[in-house]
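Q: Below are the sequence and a predicted model for it; my questions follow.
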Amino acid sequence: MWIVLLIAVLLILASLDFYYGHKKQVSLELPPSYGKGEMQFLSTGYHFFDALFEDIKNAVEYIHIQFYILRDDELGQELCSLLIQKAQKGVEVRLLVDCLGSHGIKNETIQSLKQAGIHFQKSNKPGFPYFLYRLNHRNHRKVVIIDGNIGYIGGYNIGNEYIGKDTKLGDWRDYHLRLKGSVVDALQQSFNHDWNVASGDKVSVSATIDHDDPSYKDFMLVHSSGSAVYRFFYEKIQRSKKSILIGSAYFIPGKKMNKALLRAIKRGVKLTLVVPMNPDHPFVQEASYIYLKPLLEAGAEIYQFHEGFYHSKVLMFDEQICDIGTANFDFRSFFFNDEINCIFTDKHYIQEVKRVIESDLARSEILTLERLKKTRTPNVRIKEAVSFILSPFL
């Protein structure tokens with residue numbers, strides 16, 4: 001009896017921890033920000049890292065760099081060595097990583113960074129109050145600002161797997177944006193906010209954009225810390241008239257969001273999903289089946305990328321609005337992570353992204369109801385039941 005009572009009390013305390021922790025986090029969300037600029041679409045790891053490392057080498061004033069994962073491997077060491085060189089030459093370097101996402105960084109690496117004069121911080125350290133919520137709350141943003149006039153945002157982290165040097169996952173498929181223009185200041189303000197929360201400082205750097213080129217296009221950044229990206233996706237799905245495309249490494253939308261997709265199909269909207277053939281984490285694929293089955297039955301086209309691991313995060317609505325950023329289409333990105341997404345409407349940029357997506361579809365296998373049925377063996381169904389319970393934490 002006492003054991004049952006104790007378990008009940010613990011569950012109540014855990015529920016209160018998550019409820020009030022989430023409520024507090026949502027209250028800290030930054031509003032959407034806007035700016036003009038130009039973008040370079042980077043869809044391979046080598047293109048992304050070549051561009052990023054070259055811009056870092058050319059930095060004169062400062063480098064503000066933030067990633068969810070920074071591995072202490074070859075690629076991670078290459079980045080750290082480059083940052084140390086720039087810091088020793090007088091360039092201000094601030095490096096922010098997620099506490100759990102980058103838990104593998106050795107103390108020796110951190111000390112070498114700090115000894116070179118680099119400002120280093122870890123975000124979202126578990127603590128009180130709301131310990132359980134904070135333990136699950138991750139900063140998933142990947143943002144770089146260089147000298148206030150170049151910015152990066154997207155899905156790549158820093159590690160060997162992101163350039164295909166992981167024999168298990170193979171080629172890594174991801175999307176990243178290199179930005180110039182006043183939109184970079186919006187990225188800067190996001191970094192300032194996260195840095196100040198993690199460090200207790202009051203950094204208030206602004207990007208150095210005096211004016212925008214007349215040819216620059218409009219961009220919007222959605223800063224999410226527990227609900228903003230969910231609301232944005234839900235609204236755009238509700239308003240879509242012709243087509244919705246979703247590319248995500250993890251597809252665990254929840255009942256309400258999935259119903260919105262089903263309603264869209266019912267009113268004649270073509271829904272296309274791109275997901276990985278092979279997952280990189282246990283249970284995430286099984287957690288998606290409960291949502292994929294009704295979508296397939298309603299007429300959605302679902303592609304499973306099989307030439308490596310599909311980690312891209314892209315949404316396109318009616319081929320008029322495109323979203324590329326850090327948020328996956330799952331519970332974690334919707335309600336628990338700090339995320340940042342870039343939205344643009346320029347037709348030229350959208351067509352460029354669309355061409356890459358079409359090449360990804362050609363490297364994918366279409367999922368049918370028959371194949372899904374064969375996949376859902378008794379053992380898989382047991383994993384589905386477990387993954388349904390765990391889905392908010394996957």
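A: Perfect, I can see it now.

Q: use CA for all of it now, contacts and neighbours both
A: Noted.

Q: Could I get the phi/psi values of the residue most central in space within the chain?
A: Among the residues of the chain, the one closest to the centroid is Thr326, at 2.0 Å (Cα atoms, centre = their mean). Here the main-chain torsion angles of Thr326 (degrees, to the nearest 10) amount to phi -110, psi -10.

Q: ok now do Lys125, which residues does it touch?
A: 99-100, 134-135 (Cα atoms under 8 Å, 6 or more residues apart in numbering).

Q: which of these are buried?
A: By neighbour count, with 16 or more other Cα atoms under 10 Å, the contacts of Lys125 hold 99-100, 134 as buried.

Q: Give me the lowest-pLDDT entry from those.
A: Confidence by pLDDT is poorest for Arg134 among the buried ones among the contacts of Lys125, given 76.

Q: about what we covered before: next, format the buried ones among the contacts of Lys125 as TSV and append distance to Phe232 and secondary structure.
A: Putting the buried ones among the contacts of Lys125 into TSV (distance: Cα to Cα, whole Å; DSSP: H, G, I helix; E, B strand; the rest coil) gives the following:
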residue	distance to Phe232	secondary structure
Cys99	27	coil
Leu100	27	coil
Arg134	24	helix
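
Q: thinking again about what came up before, out of the contacts of Lys125, which one sits closest to His281?
A: When these are compared for distance to His281 (Cα to Cα), Leu100 wins out at 15.5 Å.

Q: quick revisit: okay but the residue nearest to the centre of the chain is in contact with Tyr152, surely?
A: No: with contacts counted by Cα atoms under 8 Å, Thr326 stays clear of Tyr152, the gap being 11.3 Å.

Q: so what's in contact with those two at the same time?
A: Among the neighbours of Thr326, those also in contact with Tyr152 (Cα under 8 Å, 6+ apart) are Lys142.

Q: Please report the distance of Ser81 from Phe49.
A: Distance of Ser81 to Phe49, given as Cα to Cα, to the nearest Å: 14 Å.

Q: the more surrounded of the two?
A: Using other Cα atoms under 10 Å as the criterion, Ser81 and Phe49 rank with Phe49 on top: 18 against 15.

Q: Pretty sure the more buried one sits in a helix.
A: Yes: applying DSSP: H, G, I helix; E, B strand; the rest coil, one finds Phe49 inside a helix.

Q: mind exporting stretch 121-137 as CSV, just the C-alpha atoms?
A: These are the backbone C-alpha positions of stretch 121-137, laid out as CSV (Å, rounded to 0.1, in the frame of the first residue of the first chain):
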residue,chain,number,x,y,z
GLN,A,121,29.6,27.7,-22.3
LYS,A,122,27.2,24.7,-22.1
SER,A,123,23.5,25.4,-22.3
ASN,A,124,20.6,23.8,-20.5
LYS,A,125,22.4,22.2,-17.6
PRO,A,126,20.1,20.1,-15.5
GLY,A,127,19.2,21.8,-12.2
PHE,A,128,16.4,23.0,-10.0
PRO,A,129,13.6,24.1,-10.1
TYR,A,130,11.9,21.7,-12.6
PHE,A,131,14.8,19.2,-12.6
LEU,A,132,13.0,16.6,-14.7
TYR,A,133,11.8,19.0,-17.3
ARG,A,134,15.3,20.7,-17.5
LEU,A,135,16.9,17.2,-17.9
ASN,A,136,14.7,16.6,-21.0
HIS,A,137,14.9,20.2,-22.3
